[in-house]
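Engineer: Please find the sequence and the predicted model below.
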Amino acid sequence: MHYIEQFLREHPVLTGALLAFVTSLLRLWNRQGSWCNKLIDSALCMSLTTGIFYGLNYFSPLDPKVALCIGSFVGYLGTEQIKEMILRAIDIKTNSNISGTLAETEDDKHPGEDDHA
């Protein structure tokens with residue numbers, strides 16, 4: 001157990017990514033849908049956490065422990081919520097309605113997706 005704790009302290013970005021995975025999995029625990037989809041969403045939250053951290057770190061050096069905060073934030077929101085936030089930001093910047101257009105096409109592609117257990 002000591003080795004795991006030491007490893008996680010020495011690799012805070014990985015710890016933040018794992019935190020995103022666990023937080024996302026707990027958020028999705030009682031929702032309908034397959035476990036495969038829940039695991040994929042949680043893995044995407046891990047990827048988003050590392051991508052966001054290294055993207056921000058490129059522009060301004062950050063303490064690696066910031067990855068813990070990013071990981072909990074990304075895991076709590078989830079990939080769908082983050083996608084909606086990004087699309088709304090694009091809508092505001094470009095004065096368009098891309099988020100509404102994409103939402104309509106996704107509804108047409110996946111009717112009744114939530115019906116699976």
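Structural biologist: Nice, thanks for sending it over.
Engineer: what helix or strand does Gly100 sit in?
Structural biologist: helix 98-109 (DSSP states H and E).
Engineer: likewise Cys69?
Structural biologist: helix 66-94.
Engineer: so what secondary structure elements neighbour that helix?
Structural biologist: If contacts are counted by 3 or more Cβ pairs under 8 Å, 6 or more residues apart in numbering; DSSP states H and E, helix 66-94 sits against helix 12-28, helix 35-59, helix 98-109. The way it works is simple: take the backbone N, C-alpha and C, and place the C-beta from them, glycine included.
Engineer: Deepest-packed of these, please.
Structural biologist: helix 12-28 (a mean of 21; mean count of other Cβ atoms under 10 Å).
Engineer: In PDB, list the C-alpha atoms belonging to that helix.
Structural biologist: Output in PDB follows, covering the C-alpha atoms of helix 12-28 (Å, rounded to 0.1, in the frame of the first residue of the first chain):
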ATOM      1  CA  PRO A  12      -0.100  13.900  -9.700                       C
ATOM      2  CA  VAL A  13      -1.200  14.100 -13.300                       C
ATOM      3  CA  LEU A  14      -1.900  10.400 -13.400                       C
ATOM      4  CA  THR A  15      -3.600  10.700 -10.000                       C
ATOM      5  CA  GLY A  16      -5.800  13.400 -11.400                       C
ATOM      6  CA  ALA A  17      -6.700  11.300 -14.400                       C
ATOM      7  CA  LEU A  18      -7.600   8.300 -12.100                       C
ATOM      8  CA  LEU A  19      -9.700  10.700 -10.000                       C
ATOM      9  CA  ALA A  20     -11.600  11.700 -13.100                       C
ATOM     10  CA  PHE A  21     -12.200   8.100 -14.000                       C
ATOM     11  CA  VAL A  22     -13.500   7.200 -10.500                       C
ATOM     12  CA  THR A  23     -15.600  10.300 -10.200                       C
ATOM     13  CA  SER A  24     -17.200   9.700 -13.600                       C
ATOM     14  CA  LEU A  25     -17.800   6.100 -12.800                       C
ATOM     15  CA  LEU A  26     -19.500   7.000  -9.500                       C
ATOM     16  CA  ARG A  27     -21.600   9.700 -11.300                       C
ATOM     17  CA  LEU A  28     -22.800   7.100 -13.800                       C
END
